[in-house]
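**Student:** Quick check, what structure comes out for this input:
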Amino acid sequence: MSAVLSAVGRAATGVWWYLREVSGETAYDRYVEHCRRHDAAERVLSRRDFERRRQDDRDRSPQQRCC
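**Tutor:** Sure thing, here's the model as predicted:
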């Protein structure tokens, strides 16, 4: 029984990771990590500012998305 639960847990973790990647949820996490690695001179944007800038970029380039 323990092996089955472990397999289900790994599968659920994989599905959760995939959904976060596809939806773009991890974009902010990658941005913050990038800033930390490169000691960015500018301050790290808040989540809200990051998402606003990201949405503005999408609105300026609508051909980059399918819908």
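**Student:** what helix or strand is Glu25 on?
**Tutor:** Under the criterion DSSP states H and E, no helix or strand holds Glu25.
**Student:** ok, how many other residues are close to it?
**Tutor:** By other Cβ atoms under 10 Å, 11 other residues sit near Glu25. (Each C-beta comes from the backbone N, C-alpha and C, glycine too.)
**Student:** Look up the closest residue to it, ignoring the ones flanking it.
**Tutor:** Distances taken as Cβ to Cβ, 6 or more residues apart in numbering put Leu19 closest to Glu25, at 7.8 Å, once the chain neighbours are dropped.
**Student:** check contacts around Tyr31.
**Tutor:** For Tyr31, the contact set (Cβ atoms under 8 Å, 6 or more residues apart in numbering) comprises 44-45, 50.
**Student:** Could you write out the alpha-carbon coordinates of stretch 52-67 in CSV?
**Tutor:** What follows is stretch 52-67, C-alpha atoms only, in CSV (Å, rounded to 0.1, in the frame of the first residue of the first chain):
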residue,chain,number,x,y,z
ARG,A,52,1.4,43.7,-14.7
ARG,A,53,4.5,44.1,-16.8
ARG,A,54,4.1,40.6,-18.2
GLN,A,55,0.5,41.3,-19.2
ASP,A,56,1.4,44.6,-20.8
ASP,A,57,4.0,42.8,-22.8
ARG,A,58,1.4,40.3,-24.0
ASP,A,59,-1.0,43.1,-24.9
ARG,A,60,1.7,44.8,-27.0
SER,A,61,2.5,41.5,-28.9
PRO,A,62,-0.8,39.6,-29.3
GLN,A,63,0.6,37.5,-32.2
GLN,A,64,2.8,35.6,-29.7
ARG,A,65,-0.2,33.7,-28.2
CYS,A,66,-2.7,31.4,-29.7
CYS,A,67,-5.9,33.1,-28.5
